[in-house]
Structures are given as structure tokens and as C-alpha cells.
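[1] One predicted model, sequence on top.
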Amino acid sequence: MNEEIQALERNQTWFIVDLPPIKKPIGARWIYKLKHRVNDTIERYKARLVAKGYNQVEGYDYHDTYAPVAKLVTLRRLLAIVASKGWELHQLDANNAFLNGDLIEDVYMSTPPGFPKQPENKSTTGYSLFTSKKNGSFIMVLVYVDDLVITENDPSRIGELKLHLYECFSLKDLGLLKYFLSLEIMHNSSGIFVCQNKYALDIIVDTRMEDCKLASHPMVQQKHFVDNNSPLLDDPSQYRHLVGWLVYLMVTKPELCFQPELCFLVHILSQFLSKSHAKHVEAAKRVVRFVKANPSHGIFFPSNNEMLLQIYCDSDWASCPLTWRSTTGYVALLGSAIISWKTKKQTTVSHSSAKAEYRAMAVATDELLWFIRLLRDLDIPISGPMELFGDNRY
């Protein structure tokens, strides 16, 4: 708690003033958390001071809220590049998470419980992923709220950047990147392996399915989930909680290549959060039984990878029986490493399968172009032309 208060004071988060008679302060409270390692041992105790923002009124106390949150697909792309180039990955953690933007509105908060002290200094924040080039070397920083991942092609620059960040923020140096946003990251001479073994085991424990039977496939073929005759669940909160677990589990499960139905199934189950039946719960638990068979399944980014971009896309025409919209699916590879995948319902109704296919290819092309711009910014050459495969053909 002392470290949290000291970091807030150094960043001049607030000023102690007398409350005006017409103003009402928002409250503050302490949030305590145990940070665990991958093996479930306690890494450190963490205390965070938060404002009770739910007492604020939009348009009066605030207008917009922002937080630097990097896309996890960006993290996978970064890992693929780092593995192929043999660079190091370092991780930093901010002692406190707060927005560094200037507030236009006057917001009054009660002093922290037990710490009625006068604070001091403030800095600005950057984008979720940004780069710096200098004399042929460059450095990349990926920001996710209060966690930072740093990589470079010149080791000396990491030390310079860390010293600069220490002057601006209260940070912890966590060393080489090993555990980030529930992702377990393992390095060796052959490449980088990423999985969510602990996260998958947590799902099994949370659903009390430690003794369940394993499932060889995530779903039963030709199973339909739309049933207007079945009664809705009295309390769908547990189903929503489980689907939320599974959606995040897809971060390291590129099942579009190996088990095509898994990613698609989780996409389907997430569409029934407001109107869920018993059969939806049964299907979600079957996914857990399938994951339990191999919880350490993940992605490997080889070190001897070539910079060749390929993407495979397809569409399931008019697959939604409720809206008759088609579903787009694609998987993108950098050499032999899978860097991104997606399955999503299209925004409009396609009048033919050809239109659905073209819409899928348009989404896949956008994905390729985004990654090409990232590689060009880093001065990383592409080995050959991009290849787009639509419906198993060029």
C-alpha cells in the first residue's frame, strides 16, 4: 500500500484541496490481490487504490475513458518476429495503473483510507505498440494497461529505455518475458512456445470438472443450437461466465487448422449469452472436456522461420438460422508460424455464396495489409509475395 501511494504521489495524480460546498466527492477503496506464478506459488502481494467511478455521471464528471490495451493478435505477431530474429523479450510492470491524460473536468475524490498525504509529478503515455529507430537499431514496446513488453535488435538500448521509464514511472523489472496475461511463454534455441496450460486448468477447476470424462471432439456433428421450444435458463450467469473463459482460451488455440469446429463452436456459443438453454451449457462443458485432454496445447514460433505471409480464408454461406448471415473464417501464417485467426459473423446478408466468399477474402486481405505495414515499419523484408487462399484455391 505504501508503494502504491508513493507511486501516485510521484506522478502527481491528485492535489489535496478543500471540498467546495456544492461538490460531492467520489469514494476510494483498496483492492488487494495475490500475483501467482505459473506453478501457482505466490509471486508478490499487490495493493491498488481505485476510485469509485460508478458514482460519476457521464457528461458531468467525465466524457470519455481510455486505456492503452494491446491486441493479443499483435502480441502473437511480435512473438513470431522476435523468435525468427533471435531477440530478447523483457517485461516491466507498473506499480499502479492510471490514465496519464489530462482531465478537463474537476473530479473530487476522498483521500485514500489511512493515507491523507500531499502528492507530486505526472507523465504522458504512449500507444499500445510503438517503435523507436536510431542509427540502424530499433526498439519495440507493447503496452497493456500497466504491463510492458520490450524487445529490440540492440541490447544496449533496452537499458537506456528502462532507465528513462524508471525516471517517469514506478516500475518493477520482471526480467525475461515468461508469463503475460495468462500466457505462458517459453524460450529455447529452436523458438518460442506459447500456451495457456494454467488458464485451462483453472477453467476445469472453476467448472468442477476435474473428474469428468475426456472428449475426443469438441462438438457433436450436425448439432443445432437454435431451439425456440426449450425453456431458457433461470440463471444464465454461470453459462456466460464459462463462455467468457472459453473465448479467452482461444488466444492460443489455433483450432481452425487442427480441429476446425472448436473456434467456430465457441463463436456460436457466444451468440446465446442472452437466450441460453440447457443444450448450450452441455455443449460448453463438452468443450471443457475436450480441452482437458490436452490443456498444454499451444502455438510454436520457430527461430528458423522465413518471412513469407500466407492466409487461408473461407465462409459458411447463410449459416445463421436466425439472421441468415454468413460466417467468415481465416487463419494467417508467417512462414510456418500461425500468427492470427478469426471466425466472425458477417455484418450483412450475402445473396450468394460467391459474395460471402469475396467478403471473407476482403477481411483476410485487411489482415495481411496490416501486418505488412508493421513489418515495413520495422524494416523487416518479406521473403516473397503475399498469398491469399480462398476456398482452397488462389
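    Great, that's in hand. Everything numeric here is computed off the predicted structure, so don't read it as measured data.
[2] Wasn't S315 part of a strand?
    Yes. Secondary structure of S315 (DSSP: H, G, I helix; E, B strand; the rest coil): part of a strand.
[3] Tell me how many other residues crowd it.
    25 (other C-beta atoms under 10 Å). Using the backbone N, CA and C atoms, a C-beta is placed for each residue, glycine as well.
[4] My guess is it contacts S352. True?
    No. The pair S315 / S352 is not scored as a contact, 10.9 Å apart, by C-beta atoms under 8 Å.
[5] Below-threshold pLDDT in the stretch 101-250 of the chain: ranges please.
    Low-confidence segments of the stretch 101-250 of the chain (pLDDT under 70): 101-105, 115-127, 220-224, 227-228.
[6] where along it do the strands fall?
    Here the stretch 101-250 of the chain has its strands, by DSSP state E, counting those that start in this stretch, at 129-134, 137-144, 147-152, 171-176, 179-180, 183-188, 191-195.
[7] With respect to N2, which of the ones you listed lies nearest?
    Minimum separation from N2 across those (C-beta to C-beta) falls at strand 171-176, 14.7 Å.
[8] neighbouring contacts of the closest one?
    E88, L89, H90, Q91, L92, D93, A94, N95, L148, K162, L165, H187 (C-beta atoms under 8 Å, 6 or more residues apart in numbering).
[9] for the first one, what are its contacts?
    Just to be clear, that refers to E88. Applying C-beta under 8 Å, 6+ apart, the residues near E88 are V82, T151, E152, P155, I158, L176.
[10] cutoff 10 Å now
    E88 is in contact with V82, I150, T151, E152, N153, P155, I158, L176, L177, H187, counting by C-beta atoms under 10 Å, 6 or more residues apart in numbering.
[11] any idea how far V149 is from it?
    11 Å (C-beta to C-beta, to the nearest Å).
[12] what residues do these two have in common as contacts?
    Residues touching both E88 and V149 (C-beta under 10 Å, 6+ apart) are V82, L177.
[13] quick one, domains of the chain?
    2-181, 195-298, 306-390 (automatic domain parsing).
[14] Of all the residues in stretch 352-372, which ones are buried?
    Counting neighbours by 16 or more other C-beta atoms under 10 Å, one finds that the buried residues in stretch 352-372 are K355, A356, E357, R359, A360, M361, V363, A364, T365, E367, L368, F371.
[15] what's the farthest-apart pair in those residues?
    Farthest pair in the buried residues of stretch 352-372 (C-beta to C-beta) is K355 and F371. Separation: 25.5 Å.
[16] Which of the buried residues of stretch 352-372 sits closest to R76?
    F371 (10.5 Å).
[17] Skipping its backbone neighbours, what lies nearest G298 in space?
    Leaving aside its sequence neighbours, G298 sits nearest to C195 (C-beta to C-beta, 6 or more residues apart in numbering; 2.9 Å).
[18] and the one you found, what is it in contact with?
    Neighbouring residues of C195 by C-beta under 10 Å, 6+ apart: 183-186, 251-253, 294-300.
[19] just to revisit the earlier point, so among the contacts of E88, which ones count as buried?
    For the contacts of E88, buried by 16+ other C-beta under 10 Å: V82, I150, T151, E152, N153, I158, L177, H187.
[20] if I read this right, the fourth one contacts G136, doesn't it?
    So the one you mean is E152. No. Here E152 lies out of contact with G136, judged by C-beta atoms under 10 Å, at a distance of 11.8 Å.
[21] Relative to V251, how far out is A215?
    Remark: distance between A215 and V251 (C-beta to C-beta) = 21 Å.
[22] Who has more neighbours out of those two?
    Counting neighbours by other C-beta under 10 Å for A215 and for V251 shows that V251 has the greater number, 20 against 17.
[23] so the helix or strand hosting R359 versus strand 137-144, what angle?
    Secondary structure from DSSP states H and E places R359 in helix 353-377. On the basis of axes from the mean of the first three to the mean of the last three C-alpha atoms, to 10 degrees, helix 353-377 is oriented at 130 degrees to strand 137-144.
[24] Show me what counts as buried in the helix or strand just after helix 353-377.
    From helix 353-377 onward toward the C-terminus, using DSSP H and E, the following helix or strand is strand 387-390. Neighbour counts over strand 387-390 (16+ other C-beta under 10 Å) mark L388, F389, G390 as buried.
[25] can you list the residues that contact strand 387-390?
    308-315, 330-333, 357-358, 360-361, 364-365, 367-368, 394.
[26] about what we covered before: how about the buried ones among the contacts of E88 in JSON lines, adding distance to P20?
    Below are those laid out as JSON lines (distance: C-beta to C-beta, whole Å):
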{"residue": "V82", "distance to P20": "52"}
{"residue": "I150", "distance to P20": "43"}
{"residue": "T151", "distance to P20": "48"}
{"residue": "E152", "distance to P20": "49"}
{"residue": "N153", "distance to P20": "54"}
{"residue": "I158", "distance to P20": "47"}
{"residue": "L177", "distance to P20": "47"}
{"residue": "H187", "distance to P20": "55"}
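[27] in the stretch 1-150 of the chain, which spans are helices?
    Assigned by DSSP state H, counting those that start in this stretch, the helices in the stretch 1-150 of the chain fall at 2-10, 72-85.
[28] if we can go back for a sec, now, which of the contacts of E88 sits nearest A28?
    Nearest to A28, judged by C-beta to C-beta, of the contacts of E88 is I150 at 31.7 Å.
[29] and T343, what does it touch?
    Taking C-beta under 10 Å, 6+ apart as the test, what T343 contacts is 250, 255-256, 260, 262-268, 314, 316, 327-331.
[30] how close does the closest residue to A293 other than its chain neighbours sit to P112?
    Of all residues beyond its chain neighbours, the one nearest A293 is L214 (4.4 Å), with distances taken as C-beta to C-beta, 6+ apart. Separation of L214 from P112 (C-beta to C-beta) stands at 49 Å.
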